[in-house]
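# Below are the sequence and a predicted model for it; my questions follow.
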Amino acid sequence: MAAVNETARRSMVAGNWKMHHDHLQAIRTVQEIGLRLPAEVLPRVEVVVHPPFTDLRSVQTVLEDRAISLVLGAQHCAGEDSGPFTGEVAAPMLARLGVRYVLVGHSERRHLFGQDDEQVAAALRAVLRHDMVPVLCVGETGQERAADETEAVLERQIRTATAGVRADQAASLVLAYEPVWAIGTGVTATPADAQQGCSHARRMLAASVDDTAARAARVLYGGSVVAENTAELMAGADVDGVLVGGASLQADSFCAIVAAAGSVRSG
Ligand code: PGA
């Protein structure tokens, strides 16, 4: 296998809509994004949206009909492929809708809905089983950071989630380092913190699975990303892109982030 260096990693901007936009608003939003996407950066930047489940079918249809260069993502999935799990959505259902990326272990699932490391691991395996790509979200709380536990938390989250994952699967994995204290708070990590967290995450993936795979996998930073801080956050050698919540809901702010991401490592 050819040596992989970081320039081989395509940047990524992913919008996590959380519980916003019904399917009609979603259709309008992706149409607007389609009109404003800076086409010249798309060869360098992969752009993904993660709408709520009820929007996926509508968004998929619009993207196909209008040939919009957005990739479809989902926000969560069950660890099982089917069964008596009221309210859950299974990975094969998402795969049938053309979903490519699935967020796994987002901090809101972990902290608000009690998703534990084992459930995260099961969801990650389910996504891989159905040939989609997990976006494994990891990150420390403010309390854990104050207690100097950031590295230990990332290690535990990545080790348990990737147990049994093969090197070829890990190479296509996306990790998202999202310090919990920075999510939805308007408090962004400094570029140095973002680089340090992403570099820890990459090293943990190397230690847990495989070094070459860890160099090929993309690592995103998330937490209060806006267009104005995107380029400086992505300046870190291990920061391959951003996972965006609030600023991904409107086409203009989201596309400004895509443009800013395209200005990084463009030469
Ligand atoms: P935020 O959310 O950009 O609104 O902080 C990020 C996330 O939760 O993925």
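On my side now, so go ahead. On a predicted model such as this, the values are computed, not experimentally measured, just so you know.

# Going by C-alpha atoms from here, please, whenever you check contacts or count neighbours.
OK.

# what number of residues lie near residue 54?
Around residue 54 there are 12 other residues, counting by other C-alpha atoms under 10 Å.

# Contacts only, for the residue of the stretch 1-150 of the chain found nearest the ligand.
With C-alpha to the nearest ligand atom as the measure, residue 16 is the residue of the stretch 1-150 of the chain nearest to the ligand, at 5.6 Å. By C-alpha atoms under 8 Å, 6 or more residues apart in numbering, the contact set of residue 16 is 49-51, 75, 243-246, 248.

# Residue 202 now?
So residue 202 contacts 214-215, 217, 219, 238 (C-alpha under 8 Å, 6+ apart).

# Which helix or strand contains it?
helix 191-208 (DSSP states H and E).

# residues of that helix that come out buried?
Using 16 or more other C-alpha atoms under 10 Å as the test for burial, helix 191-208 gives 191, 194-206, 208.

# closest to the ligand among the residues you listed?
Nearest member of the buried residues of helix 191-208 to the ligand, counting by C-alpha to the nearest ligand atom, is residue 194, at 13.3 Å.

# ok, now which ones touch the closest one?
Contacts of residue 194 (C-alpha under 8 Å, 6+ apart): 177, 221, 233, 236, 239.

# one more time with 7 Å
221, 233 (C-alpha atoms under 7 Å, 6 or more residues apart in numbering).

# Look up the pLDDT of it for me, please.
Looking at residue 194, its pLDDT reads 97.

# With residue 267 instead?
Value for residue 267, per-residue pLDDT: 43.

# do the same with residue 55
98.

# and it, that's in a strand?
No - Residue 55 is assigned helix when assessed by DSSP: H, G, I helix; E, B strand; the rest coil, not a strand.

# residues contacting it?
22-23, 26.

# If any of the residues you listed are buried, put those into a PyMOL selection.
Burial among those is assessed by 16+ other C-alpha under 10 Å; the matching PyMOL selection reads:
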select buried, resi 23+26
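
# any idea how far residue 125 is from the residue nearest in space to the middle of the chain?
Against the mean C-alpha coordinate of the chain, by C-alpha atoms, centre = their mean, the closest residue is residue 135 at 4.4 Å. Between residue 135 and residue 125 the computed distance is 12 Å (C-alpha to C-alpha, to the nearest Å).

# cool, and residue 221?
Relative to residue 125, and taking C-alpha to C-alpha, residue 221 is found at 22 Å.

# Kindly report the same for residue 201.
For residue 201 relative to residue 125 (C-alpha to C-alpha), the value is 19 Å.

# distance between the host helix or strand of residue 252 and the chain's centre?
Assigned by DSSP H and E, residue 252 belongs to helix 251-262. Distance of helix 251-262 from its chain centroid, counting by C-alpha atoms, centre = their mean, to the nearest Å, is 16 Å.

# For it, which outside residues touch it?
Outside helix 251-262, the residues touching it (C-alpha under 7 Å, 6+ apart) are 13, 29, 32-33, 36-38, 41, 44-45, 226-227, 230-231, 247-248.

# For PyMOL, write a command that selects the buried ones of these.
Of these, the buried ones can be selected in PyMOL as follows, counting by 16+ other C-alpha under 10 Å:
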select buried, resi 13+29+33+37+41+44+45+226+227+230+231+247+248
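
# Mind checking which of the contacts of helix 251-262 are in strands?
13, 45 (DSSP state E).

# Show me which of the contacts of helix 251-262 is closest to residue 97.
Each of the contacts of helix 251-262 was checked against residue 97 using C-alpha to C-alpha; the closest is residue 29, at 18.7 Å.

# How about the closest one: what's its closest non-neighbour residue?
residue 251 (6.1 Å; C-alpha to C-alpha, 6 or more residues apart in numbering).

# Give me the pLDDT value at that neighbour.
98.

# Count the residues that sit near it.
20.

# Could you check how far it is from the ligand?
Computed as C-alpha to the nearest ligand atom, to the nearest Å, the residue 251 to the ligand distance reads 14 Å.
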